[in-house]
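Trainee: Sequence first, then the predicted structure, then my questions.
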Amino acid sequence: MTALRTMTATLALMGGLALAPAAEAAPSYGAPAGWTGIGTVGTGTPNGDVGTIPAGHTQYLFVTTDEGADGGGNLLSLGDETNGSTLTSPLFAANAGDALEFYFNYVTSDGAGFADYAWARLLDASGDEVALLFTARTVPAPDNIVPGTGMPSPDATLDPATVPIVLGTGNDGGPVWDELGSDSGSCFDDGCGLSGWVKSSYTIVTAGTYRLQFGVTNWGDTAYQSGLAIAGATIAGDPIDPQPVPEPASLALFGLGLLGLGLAARRRRA
């Protein structure tokens, strides 16, 4: 079956070269500063069927199974996960009652029982799971793509709460998205498409330091890719971004500044 699917993917690519839409913006591969990636991760801007991001955001993070790592993105360890990717944020501080929010969009070219899936979770400073923030899975209609069919229920509130598959604009409803690599615009079978942008909201229960982690995995084989776009991650309204560390020269200047203030204060007292 895997060989047949791989041959089908190759033929679909060859047949669709003349019809392939021009990329609107090339993705930037590699984890952003302060973040940790396994497999294929990066940053991108809306292209193809992944359209305008809510709330005025213009850029997203992404994980994709395209050239993913063996075992990457495996959340459930059910035995059929193959390759994928994960992206983990730097540590951030949060108080009890703070709102953790972000938008996500699950995109898949797979289908017909090859149930690729994606997810996000909140980890404590030790790397233990605190909350499951969403799941998404490749399943044919009428089942929902979000939350993921056959997956644990998320601890966060999703808006919309459930999402059926949305067909893409490629062949047979396949989603067009650069981050799917050569499978952009392809569809293996019923179940391909995307979720559209969904908002995840979670209220922090206990003050502490945390990380966000996102993942996506292939299921059953490594053909027909799936991916996840993530945008607008905030805690209590503040972006979850790595804090810049002062360069050594900046630290030296800062120290000289403090010394100067101390000398001035001594002169005034004298």
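Mentor: Yes, it's here.
Trainee: thought residue 105 was touching residue 197?
Mentor: Yes. Using CB atoms under 8 Å, residue 105 makes contact with residue 197 at a distance of 5.1 Å. Every residue, glycine included, has its C-beta placed from N, CA and C.
Trainee: Would you mind telling me which of those two has more residues around it?
Mentor: Using other CB atoms under 10 Å, the more surrounded residue of residue 105 and residue 197 is residue 105, with 28 against 23.
Trainee: for the stretch 151-270 of the chain, what spans make up the helices?
Mentor: With DSSP state H, counting those that start in this stretch, the ranges of helices along the stretch 151-270 of the chain come out as 248-269.
Trainee: where in it is pLDDT low?
Mentor: 241-270 (pLDDT under 70).
Trainee: quick one, strands of it?
Mentor: Using DSSP state E, counting those that start in this stretch, the strands of the stretch 151-270 of the chain run over 157-159, 163-164, 193-194, 198-203, 208-219, 226-235, 238-239.
Trainee: Tell me what angle the fifth one forms with strand 226-235.
Mentor: Using axes from the mean of the first three to the mean of the last three CA atoms, to 10 degrees, one finds that strand 208-219 and strand 226-235 are set 170 degrees apart in direction.
Trainee: Over to the fourth one?
Mentor: Strand 198-203 and strand 226-235 meet at an angle of 40 degrees, taking the same axes, to 10 degrees as the criterion.
Trainee: who does strand 198-203 touch, helix- and strand-wise?
Mentor: With contacts defined as 3 or more CB pairs under 8 Å, 6 or more residues apart in numbering; DSSP states H and E, strand 198-203 has these neighbours: strand 99-108, strand 129-137, strand 157-159.
Trainee: In CSV, list the ones you listed along with distance to residue 148.
Mentor: Converted to CSV, those look like this (distance: least, CB to CB, whole Å):
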stretch, distance to residue 148
strand 99-108, 9
strand 129-137, 3
strand 157-159, 11
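Trainee: Give me whichever of the ones you listed is most buried.
Mentor: strand 99-108 (a mean of 26; mean count of other CB atoms under 10 Å).
Trainee: Direction included, what does that one pair up with?
Mentor: Using DSSP bridges, the strands paired with strand 99-108 in its sheet are strand 193-194 (antiparallel), strand 198-203 (antiparallel), strand 226-235 (antiparallel).
Trainee: Helix or strand next in line after that strand, which one?
Mentor: As assigned by DSSP states H and E, the chain's next helix or strand after strand 99-108 is strand 117-124.
Trainee: Who are the packing partners of that next one?
Mentor: Where contact means 3+ CB pairs under 8 Å, 6+ apart, strand 117-124 is packed against strand 99-108, strand 129-137, strand 208-219, strand 226-235.
Trainee: So for the second one, mean pLDDT?
Mentor: Meaning strand 129-137. If you average the pLDDT over strand 129-137, you get 98.
Trainee: Next, the angle strand 226-235 makes with it.
Mentor: Relative orientation of strand 129-137 and strand 226-235, computed by the same axes, to 10 degrees: 140 degrees.
Trainee: For the helices and strands packed on strand 117-124, give me JSON lines that also has distance to residue 119.
Mentor: Below are those laid out as JSON lines (distance: least, CB to CB, whole Å):
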{"stretch": "strand 99-108", "distance to residue 119": "9"}
{"stretch": "strand 129-137", "distance to residue 119": "5"}
{"stretch": "strand 208-219", "distance to residue 119": "6"}
{"stretch": "strand 226-235", "distance to residue 119": "9"}
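Trainee: which one of these lies closest to residue 27?
Mentor: When those are ranked by distance to residue 27, counting by CB to CB, first place goes to strand 226-235 at 9.9 Å.
Trainee: and the closest one, how far from the chain's centre?
Mentor: Centre-to-centre, strand 226-235 and its host chain are 5 Å apart (CA atoms, centre = their mean, to the nearest Å).
Trainee: Also stretch 142-149?
Mentor: 18 Å.
Trainee: now stretch 160-172
Mentor: That offset, for stretch 160-172, works out to 18 Å (CA atoms, centre = their mean).
Trainee: Pull out the buried residues from that stretch.
Mentor: Neighbour counts using 16 or more other CB atoms under 10 Å place 163, 165-166, 168, 170-172 of stretch 160-172 among the buried residues.
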